[in-house]
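Chemist: any chance you could fold what I've pasted below:
(one chain, ligands or ions: 1)
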Amino acid sequence: MSQKPFQLVDGNSGDASDLSVKEGTIGPAVMDVTRLYKEHGVFTFDPGFVSTASCESQITFIDGEKGILLYRGYPVEQLAKNSNYLEVCYLLLAGELPNAQQRETFAHSILHHTMINETLLRFFNGFHYNAHPMAMVSGVVGSMSAFYHDSMDIKNPEHREIFAHRIIAKMPTISAAAYKHSTGQPFVYPRNDLDYCSNLMHMFFAVPCEAYEVDPIAAEALDLLFILHADHEQNCSTSTVRLAGSSGTNPYAAIAAGVSALWGPAHGGANEAVLKMLEQIGTPDAIPKYIAKAKDKDDPFRLMGFGHRVYKNFDPRAKIIREMCHKVLDKLGRTDTPLFELALRLEEIALQDDYFVGKKLYPNVDFYSGIIYKALGIPKSMFTVMFAIARSVGWVAHWQEMIADPDRKIGRPRQLYTGPDRRDYLDIDKRA
Ligand code: CMC
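Modeler: This is a model prediction of the structure:
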């Protein structure tokens, strides 16, 4: 293919063969390269999507330099202070805050779709007792694609809405079942009279042989954490859901792909890794040793819960969760807070270190969230599952936005091939 020189022009008024720049509402503009290959015979090369906008979206905005996070335009700090998780779910899905009637109808629908098919529950028996809960959740969410055939036409907006409600409503039930399976305790059925997070706590911690009362402080803390985790634009798991969903696959299968992507320690798995790291560090006097390990290029150790692809100043979610740690630990009457104190000290030391300052590495959402989960009695292996429950609305909102787009294309990146050139097959006796 012939190579033509190309030039960048501002706006859409340039010559047909030029690249154009598209402006969003806020944030950096993008260079539209969709015709680049057709007209110039080259691809763009951007491993890790460091400079690539993979889609157009109206859901969430992040300004990484200023530490701003907006859901449908609303600052996350305002939502954390004034809203609740289910209202935020409505906002992310519908694009606007609900009025009183809409809020009630939505909450009623979510709180009355909590049960899972009894046969789906039996899937858990196939897992070994020590299976990681994320493996179980990913497997069982994927298995949901074997159910609900009557409402699975992704071109039908009503079916898409039923799917959205089912995922948000049933994620806590599936997650609690994974927890109960790993502890060997009997599964606890959902209670539709409880709010979203109280029901989750009930399914986790109730046992049939005694009464269990949900601590409202714990449920409130969980609700706030869920608001902060609800969406984060085109992160790894959301992009995975979009990519899997772009083929028109069953949406439960696409969500299961998102759960799998979230599991990794560079993404949602970091909250579990932070707690393990803090326990490994043990005492403040060991911090310098671990800071040195994190800075050593020959050591694979990284300070978990530090750094972010987008936030280069501070993560607004981490700031809220750090304040919340103080309040929750106080309210729960916890005096034994060495892990929190260790985390505070680690943050303080790292933020005075040239390496972390120079590379703009700050605590992210996962640095403090595990401390709260631990205080609520949730085991480490379930931390990423909690993230998955909260993020399910983000995945669904992005999937909905993509499927509803009449110009949707299957996601199909290209590559820079650096393998062998064409060569002929060699008989085995001619090979080295
Ligand atoms: N500890 C030590 N060094 C770090 C760390 C860290 N946590 N994070 C980044 N760096 C260094 C990295 O070695 C690199 O150095 P150099 O330029 O000399 O090669 C530089 O900082 C840039 O890092 P990067 O890996 O190129 O940046 P990235 O944008 O690709 O990765 C990240 C972002 C979040 C994966 C990474 O910072 C990291 O691995 N952090 C620890 C894991 C973590 O906390 N993940 C949760 C992310 S927030 C929640 C979520 O997304 O789910």
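
Chemist: and Leu92, that's in a helix?
Modeler: Yes: under DSSP: H, G, I helix; E, B strand; the rest coil, Leu92 sits within a helix.

Chemist: for burial, what's the neighbour tally of the nearest residue to it once chain neighbours are set aside?
Modeler: Closest residue to Leu92 apart from its sequence neighbours, by C-beta to C-beta, 6 or more residues apart in numbering: Ala397 at 4.5 Å. Every C-beta, even on glycine, is put in place using the N, C-alpha and C of the backbone. By other C-beta atoms under 10 Å, the residues close to Ala397 number 27.

Chemist: just the element for Ala397, please.
Modeler: Ala397 belongs to helix 383-404 when elements are defined using DSSP states H and E.

Chemist: likewise for Val21?
Modeler: strand 19-22.

Chemist: elements contacting that strand?
Modeler: strand 8-9, strand 30-32 (3 or more C-beta pairs under 8 Å, 6 or more residues apart in numbering; DSSP states H and E).

Chemist: how would you label Phe163: helix, strand or coil?
Modeler: Phe163 - assigned by three-state DSSP - is helix.

Chemist: so what's the nearest residue to it once chain neighbours are set aside up against?
Modeler: The spatial neighbour of Phe163 that comes closest, neighbours along the chain excluded (C-beta to C-beta, 6+ apart), is Pro251 at 5.2 Å. If a contact means C-beta atoms under 8 Å, 6 or more residues apart in numbering, then Pro251 has 145, 152, 154, 160, 163, 167, 245, 396, 399, 403 as its contacts.

Chemist: just to revisit the earlier point, the helix holding Ala397: how far from the chain's middle?
Modeler: Put simply, helix 383-404 sits 7 Å off its chain's centre (C-alpha atoms, centre = their mean, to the nearest Å).

Chemist: using PDB, list the CA coordinates for that helix.
Modeler: C-alpha atoms of helix 383-404 as PDB (Å, rounded to 0.1, in the frame of the first residue of the first chain):
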ATOM      1  CA  PHE A 383     -12.000  -7.900  49.100                       C
ATOM      2  CA  THR A 384     -11.800  -8.000  45.300                       C
ATOM      3  CA  VAL A 385     -15.300  -9.600  45.200                       C
ATOM      4  CA  MET A 386     -16.600  -6.600  47.100                       C
ATOM      5  CA  PHE A 387     -15.100  -4.400  44.400                       C
ATOM      6  CA  ALA A 388     -16.700  -6.600  41.700                       C
ATOM      7  CA  ILE A 389     -20.200  -6.200  43.300                       C
ATOM      8  CA  ALA A 390     -19.800  -2.400  43.400                       C
ATOM      9  CA  ARG A 391     -18.300  -2.200  39.900                       C
ATOM     10  CA  SER A 392     -21.000  -4.400  38.300                       C
ATOM     11  CA  VAL A 393     -23.200  -1.300  37.700                       C
ATOM     12  CA  GLY A 394     -20.300   0.400  35.900                       C
ATOM     13  CA  TRP A 395     -19.800  -2.600  33.700                       C
ATOM     14  CA  VAL A 396     -23.500  -2.800  32.900                       C
ATOM     15  CA  ALA A 397     -23.800   0.900  32.200                       C
ATOM     16  CA  HIS A 398     -20.900   0.800  29.700                       C
ATOM     17  CA  TRP A 399     -22.200  -2.400  28.100                       C
ATOM     18  CA  GLN A 400     -25.600  -0.700  27.700                       C
ATOM     19  CA  GLU A 401     -24.100   2.400  26.200                       C
ATOM     20  CA  MET A 402     -22.100   0.400  23.700                       C
ATOM     21  CA  ILE A 403     -24.900  -2.000  22.600                       C
ATOM     22  CA  ALA A 404     -27.400   0.900  22.200                       C
END
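
Chemist: circling back to that earlier point, need the per-residue pLDDT for the residue nearest to Leu92.
Modeler: We note a pLDDT of 98 for Ala397 in this prediction.

Chemist: so it sits against Asp231, correct?
Modeler: Yes: if you go by C-beta atoms under 8 Å, Ala397 and Asp231 touch, sitting 6.5 Å apart.

Chemist: is it true that Gln234 lies in a helix?
Modeler: No: according to three-state DSSP, the state of Gln234 is coil, so it is not within a helix.

Chemist: how about low-confidence regions in the stretch 201-350 of the chain?
Modeler: 334-336 (pLDDT under 70).

Chemist: where exactly do the helices run in it?
Modeler: Remark: helices assigned in the stretch 201-350 of the chain by DSSP state H, counting those that start in this stretch are 216-229, 236-245, 251-262, 270-281, 287-295, 316-331, 338-350.

Chemist: most tightly surrounded among these?
Modeler: Of the helices of the stretch 201-350 of the chain, the one with the most neighbours on average (mean count of other C-beta atoms under 10 Å) is helix 251-262, at a mean of 25.

Chemist: now it against helix 383-404, angle please.
Modeler: Put simply, helix 251-262 runs at 130 degrees to helix 383-404, going by axes from the mean of the first three to the mean of the last three C-alpha atoms, to 10 degrees.

Chemist: how about helix 251-262 and the ligand, touching?
Modeler: No: with C-beta under 6 Å from any ligand atom as the measure, helix 251-262 is seen stopping short of the ligand, the closest distance being 6.9 Å.

Chemist: same question, stretch 315-322
Modeler: No: using C-beta under 6 Å from any ligand atom, stretch 315-322 stays clear of the ligand, with a minimum separation of 7.2 Å.

Chemist: now that stretch, how far from the chain's geometric center?
Modeler: For stretch 315-322, the distance to the chain centre is 16 Å (C-alpha atoms, centre = their mean).

Chemist: got the CA positions of that stretch in CSV?
Modeler: Presented in CSV, the C-alpha positions along stretch 315-322 are these (Å, rounded to 0.1, in the frame of the first residue of the first chain):
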residue,chain,number,x,y,z
ASP,A,315,-7.0,9.7,43.8
PRO,A,316,-10.1,11.5,45.2
ARG,A,317,-11.5,8.1,46.3
ALA,A,318,-8.4,7.3,48.4
LYS,A,319,-8.8,10.7,50.1
ILE,A,320,-12.4,9.9,51.1
ILE,A,321,-11.6,6.4,52.2
ARG,A,322,-8.7,7.5,54.4
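
Chemist: the chain should start at 52 in everything you say after this.
Modeler: With 52 as the first residue, the last one maps to stretch 366-373.
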